[in-house]
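**Q** Sequence and predicted model, in that order:
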Amino acid sequence: MNAPASFLQELVGSMSQGAAGNPTVAMIEAAFAHHALPWRYINMEVTPQDLGEAVRGARAMGFRGFNCSLPHKVTVIQHLDGLGESAAVMGAVNCVVRRGDQWIGENTDGKGFLRSLSTVTDPKGKSVVLFGAGGAARAIAVELALAGIRKLTLVNRSASRGQELYQLLRDKLNLDVELVVWEREFAVAAGTDIVVNATSIGLYDADARLNLDVSSLQPAMVVADVIGNPPRTRLIRDAQSRGCQALDGLGMLVNQGIVAVHYWTGIEPDAVVMRQALERALGL
Ligand code: NDP
């Protein structure tokens, strides 16, 4: 007897709220098509009260995994069997992977950043300035610490959120970290290797600027922005005008997708195909 047609496809997806038209769908499905994988990536609107049922449903339907975004990144953990190393430190999951009969929570935010960064430099032993202390900053800081950076200067507007991340990095990862409460123009110290904007400054606003002394950026520094839309943020343009190597937020997003596809399928998908699909979906 032939298997039902639905068994011919492997399913992964995204559980989110209010993310209709998610460009990640186009990027991941482009990878499946390019590599001739009979897989589908399906965007599902899931409310917080339905999350447990949705995870059990995905398990029952044989999904190979799924991404999850706000507001599910922390609450999903109670429905899983285990966590990857960085997800456990962060206490947040954005990618669930079926391994055997276990559902394991991973966090690909920081891993995507690290992969994008590794195209231009190895963070091991480096000194880093990081703006922001929210979810993206937390993911990036934890992966940078696990990758063996020498020192992190954490610059955040609110002292309370800054303090929370500072303590996590110092106590759980033993990182040499300094917290600067961002109240005036920040000058990057000479000798800094990597500067990262992980705030939401610049999202949908190409002219929004960080309160940063641009003349303190030196050509030897790598400057990275998490903002993917628009990709050419004010920071990216300022960094390039100072002769720095600049990495946009699309690189991080594409690399997150690469990590997720690799977790689910075991293949290393084509980065160029995925970036092109993402740019098309964002209308760039
Ligand atoms: P959060 O809301 O968790 O954190 C936002 C951070 O930005 C906080 O540190 C906040 O400081 C800071 N911030 C916001 N506005 C200002 C301002 N005007 N001046 C100074 N600081 C400010 O957001 P996330 O961390 O989840 O996301 C941050 C950005 O990262 C988003 O724009 C998102 O699009 C992007 N992102 C990109 C990804 C990619 O793959 N490229 C992946 C994930 C996120 P405070 O604590 O003082 O409020």
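**A** Noted; the coordinates are in hand.

**Q** does the closest residue in space to Gly82 that isn't next to it in sequence sit in a helix, a strand or a coil?
**A** Leaving aside its sequence neighbours, Gly82 sits nearest to Ile104 (Cβ to Cβ, 6 or more residues apart in numbering; 5.0 Å). (C-beta placed from N, C-alpha, C; glycine too.) Classification of Ile104 by DSSP: H, G, I helix; E, B strand; the rest coil places it in strand.

**Q** Also Gln163?
**A** Assignment for Gln163 (three-state DSSP): helix.

**Q** how about Pro48, what does it touch?
**A** Pro48 makes contacts with Gln17, Pro71, His72, Thr75, as judged by Cβ atoms under 8 Å, 6 or more residues apart in numbering.

**Q** so the second one touches Met15, yeah?
**A** In other words, Pro71. No: in this structure, Pro71 is not within contact of Met15 by Cβ atoms under 8 Å, at 10.4 Å.

**Q** Show me which of the two is the more surrounded one.
**A** Met15 (22 against 15; other Cβ atoms under 10 Å).

**Q** Starting from the host helix or strand of the more buried one, tell me which strands it pairs with and how they run.
**A** Using DSSP states H and E, Met15 falls within strand 10-16. Here strand 10-16 is paired, per DSSP bridges, with strand 39-45 (parallel), strand 65-68 (parallel).

**Q** which one of those strands lies closest to Asn174?
**A** For the strands paired with strand 10-16, the distance to Asn174 is smallest for strand 65-68, at 29.3 Å, taking Cβ to Cβ.

**Q** And for whatever residue of the chain ends up closest to the ligand, the neighbour number?
**A** At 2.0 Å from the ligand, Gly134 is the closest residue in the chain, using Cβ to the nearest ligand atom. Around Gly134 there are 15 other residues, counting by other Cβ under 10 Å.

**Q** which residues in this structure form strands?
**A** With DSSP state E, the ranges of strands along the chain come out as 10-16, 39-45, 65-68, 82-83, 95-99, 102-106, 127-131, 151-156, 177-181, 194-197, 222-225, 245-247.

**Q** other SSEs contacting the fourth one?
**A** Read it as strand 82-83. strand 102-106 (3 or more Cβ pairs under 8 Å, 6 or more residues apart in numbering; DSSP states H and E).

**Q** Check which strands are paired with the strand it packs on and give the direction for each one.
**A** Strand 102-106 is paired, per DSSP bridges, with strand 82-83 (parallel), strand 95-99 (antiparallel).

**Q** Since that was my last question, I'll sign off now.
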